[in-house]
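Peer 1: The following block contains a protein sequence and its predicted model.
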Amino acid sequence: MLGVIAGFSVIASVICVGYILGRTRTLDEHGRRALTRLAFYVATPALLFETLARADLAILTSPSLLVTAFSMLVVAAVFIAVGALRRWGVGRTTVGALCSSYVNSGNLGIPIAVYVLGDATLVAPVMLLQQLVFSPVALTVLDLSQRRPGAPRPSVPSLVTTPFRNPVVLASLAGVLVSASGWHVPPVIMEPVSLIGGMSVPAVLLAFGVSLRGSSLLIRGVDRWPVLLSVLLKTAVHPAVAWLAGRYLFGLDGDLLFVVVTAALPAAQNLHAYASQYEVGTTLARDSILLSTLLSAPAILLVSVLLGGT
């Protein structure tokens, strides 16, 4: 229980600082974009490289990760299907699918894993899955969806190399290669990377807080239904699918609490940075993250009580 409260308190505090900075015009829209670009091109790649370079890749074969991947794919597919039927556009549908399935496994997942599940390493497979599979695919789709009307179709080599032109994907792959090779990066190299990576979460949260200036929980306009759908999927459907799949499809027992709590985590704040970078679905990402974060606290508490968390 303490992990849930502590995790949400830390995030809320930094977001509030960002909101105050935006409200007082200390940071305006240009400042928010600068923070977003700093996080996307420098700080987040550094953080991901450090995290993945030190990760044990054997955890990618754990049964609980299969349940996590399955539940993420199901809720993302539901949003994509609805988005295609409603013609919400490739970019907005991609952002909405991410907000429905991509969990805040870092700054919320780690403290909750420690206090609710008793082991911080349990969240590492989810981080790897999202950074090695979901992020490259989604960012590639966003890259390709930004092609100007009338521009020539991208060639096959261009399609293949698109993920490798993205700093987030490149850093993740570099970290995996280092981990797989067994090489220990010298401290003289890793310490500056760690220092820069430490800016990632604060920069993303501050930029998110700045973006909340003038926003309202009363969702209006074209993003109303995409936001409501993504929040419903993230807060209720995702944990339910994870429980059903873990209990009846994969036969999990001891890891069942882990996969359901993981699925109940809110949408990650860095999704707003991705949307802002590609200038698509920014309101959808902002409102989905805000509402799913507010609703996930009671959801995680309920899951912890029903499945035996302490």
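Peer 2: On my side now, so go ahead.

Peer 1: Look up the closest residue to the residue most central in space within the chain, ignoring the ones flanking it.
Peer 2: Closest residue to the average C-alpha location of the chain: residue 268 at 3.4 Å, with CA atoms, centre = their mean. Spatial nearest neighbour of residue 268, excluding adjacent residues (CB to CB, 6 or more residues apart in numbering): residue 104 at 4.3 Å. For the C-beta atoms, the positions are set from N, CA and C on the backbone; glycine is no exception.

Peer 1: where does the residue nearest to residue 62 when sequence neighbours are not counted land on pLDDT?
Peer 2: Using CB to CB, 6+ apart and skipping the chain neighbours, the partner closest in space to residue 62 is residue 125 (5.7 Å). The model reports residue 125 with a pLDDT of 73.

Peer 1: didn't residue 125 look like it was pressed against residue 64?
Peer 2: Yes: between residue 125 and residue 64 there is a contact at 7.1 Å, judged by CB atoms under 8 Å.

Peer 1: quick one, which of the two is more surrounded?
Peer 2: residue 125 (25 against 21; other CB atoms under 10 Å).

Peer 1: outside of the strand or helix carrying that one, which residues touch it?
Peer 2: Assessed by DSSP states H and E, residue 125 sits inside helix 124-129. Identification of contacts with helix 124-129 by CB atoms under 8 Å, 6 or more residues apart in numbering yields 51-52, 55-57, 59-60, 62, 64-65, 68-69, 72, 103, 105-106, 109, 262.

Peer 1: hmm, 6 Å instead?
Peer 2: Applying CB atoms under 6 Å, 6 or more residues apart in numbering, the contact partners of helix 124-129 are 55, 59-60, 62, 65, 68-69, 105, 262.

Peer 1: Looking at neighbours, which among these is most surrounded?
Peer 2: Counting by other CB under 10 Å, top hit in these: residue 262 with 30 neighbours.

Peer 1: show me what contacts that residue?
Peer 2: 68, 126.

Peer 1: Try it again at 8 Å.
Peer 2: Residue 262 makes contact with 68, 103, 105, 109, 123, 126, 242, according to CB under 8 Å, 6+ apart.

Peer 1: again with residue 132
Peer 2: 52, 172-173, 176.

Peer 1: Tell me the secondary structure of it, please.
Peer 2: Recorded secondary structure, residue 132: helix (DSSP: H, G, I helix; E, B strand; the rest coil).

Peer 1: Next one, pLDDT for it please.
Peer 2: You'll see residue 132 listed with a pLDDT of 77.

Peer 1: I'd like the distance between it and residue 258.
Peer 2: According to CB to CB, to the nearest Å, residue 132 and residue 258 sit 19 Å apart.

Peer 1: Same check on residue 64?
Peer 2: When distance is defined by CB to CB, residue 64 is 6 Å away from residue 258.

Peer 1: and if you look at residue 202?
Peer 2: The gap separating residue 202 from residue 258 is 27 Å, by CB to CB.

Peer 1: Check residue 235 too.
Peer 2: With the distance defined as CB to CB, residue 235 ends up 18 Å from residue 258.

Peer 1: try residue 271
Peer 2: According to CB to CB, residue 271 and residue 258 sit 22 Å apart.

Peer 1: What is the burial count for residue 248?
Peer 2: 9.

Peer 1: Where do the strands of this protein begin and end?
Peer 2: Counting by DSSP state E, the chain forms no strands at all.

Peer 1: any low-confidence regions in it?
Peer 2: Applying pLDDT under 70 to the chain flags residues 1-4, 6-8, 106-122, 124, 147-164, 214-221, 308-310.

Peer 1: With distance to residue 146 added, can I get the contacts of helix 124-129 in CSV?
Peer 2: Shown next, in CSV, are the contacts of helix 124-129 (distance: CB to CB, whole Å):
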residue, distance to residue 146
55, 31
59, 34
60, 31
62, 36
65, 31
68, 29
69, 27
105, 27
262, 31
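
Peer 1: Can you give me the buried ones in stretch 31-51?
Peer 2: Across stretch 31-51, burial judged by 16 or more other CB atoms under 10 Å covers 31-33, 35-40, 42-51.

Peer 1: just how off-centre is it within its chain?
Peer 2: Distance, stretch centre to chain centre, for stretch 31-51: 14 Å (CA atoms, centre = their mean, to the nearest Å).

Peer 1: So that it lines up with my notes, have the first residue be 54 from now on.
Peer 2: Will do, 54 is the new start, and the previous item becomes stretch 84-104.

Peer 1: Run through who's touching it.
Peer 2: Contact partners of stretch 84-104, identified using CB under 8 Å, 6+ apart, comprise 74-75, 80, 180, 184, 220-221, 223-225, 227-228, 231, 243, 246-247, 249-254, 256-257, 259-260, 263-264, 323, 326-327, 329-330.

Peer 1: Write the ChimeraX selection for whichever of these are buried.
Peer 2: Applying 16+ other CB under 10 Å to the contacts of stretch 84-104, the buried members can be selected in ChimeraX as follows:
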select :74,75,80,180,184,221,223,224,225,228,231,243,246,247,249,250,252,253,254,256,257,259,260,263,264,323,326,327,329,330
